[in-house]
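Asker: 3D model of this:
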Amino acid sequence: MADTPIDAVHSILIKIQESIVALRAEFRSELGSFRQSTETRFDSLETLIRKQRRDSAGMLVMMRAAASDFDERVSAVEERIAALEARKS
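Answerer: Okay, here's the model as predicted:
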């Protein structure tokens, strides 16, 4: 009777160890795929950030040019108004 429980405990421990090894291997493969997908996402985010920075810089240049053009046109209108008012006086 004493031999049977010892053999059962030993076989149970071996099965537990095998299942731990299998889980560890599965975890490592999932971790590898997670790392790869995460790196892919980070690469795409970095690409997107660089594109948005370029777009923002271009937009800033365009806004400055538009503001400068608008300022020139307003100045021209103000000069014409001042000239017309000087003629009336």
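
Asker: any idea how far stretch 52-62 is from the chain center?
Answerer: 18 Å (C-alpha atoms, centre = their mean, to the nearest Å).

Asker: For that stretch, give the mean pLDDT please.
Answerer: Stretch 52-62 shows a mean pLDDT of 97.

Asker: buried residues in it?
Answerer: In terms of neighbour count (16 or more other C-beta atoms under 10 Å), stretch 52-62 has no buried residues at all. Placement of C-beta: from N, CA and C, glycine included.

Asker: Pull that stretch out as CSV, backbone CA atoms only.
Answerer: C-alpha atoms of stretch 52-62 as CSV (Å, rounded to 0.1, in the frame of the first residue of the first chain):
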residue,chain,number,x,y,z
GLN,A,52,2.5,64.8,-39.0
ARG,A,53,5.5,66.8,-38.0
ARG,A,54,6.3,67.5,-41.7
ASP,A,55,2.7,68.4,-42.4
SER,A,56,2.5,70.6,-39.3
ALA,A,57,5.7,72.5,-40.4
GLY,A,58,4.3,72.9,-43.9
MET,A,59,1.0,74.1,-42.5
LEU,A,60,2.8,76.6,-40.3
VAL,A,61,4.7,78.0,-43.3
MET,A,62,1.5,78.2,-45.3
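
Asker: so V74 is in which element?
Answerer: Taking DSSP states H and E as the definition, V74 sits inside helix 3-88.

Asker: gap between that helix and the chain center?
Answerer: 1 Å.

Asker: can you list the weak-confidence ranges in the protein?
Answerer: Counting by pLDDT under 70, the ranges of the chain that qualify are 1-7.

Asker: I am finished for the moment; much appreciated.
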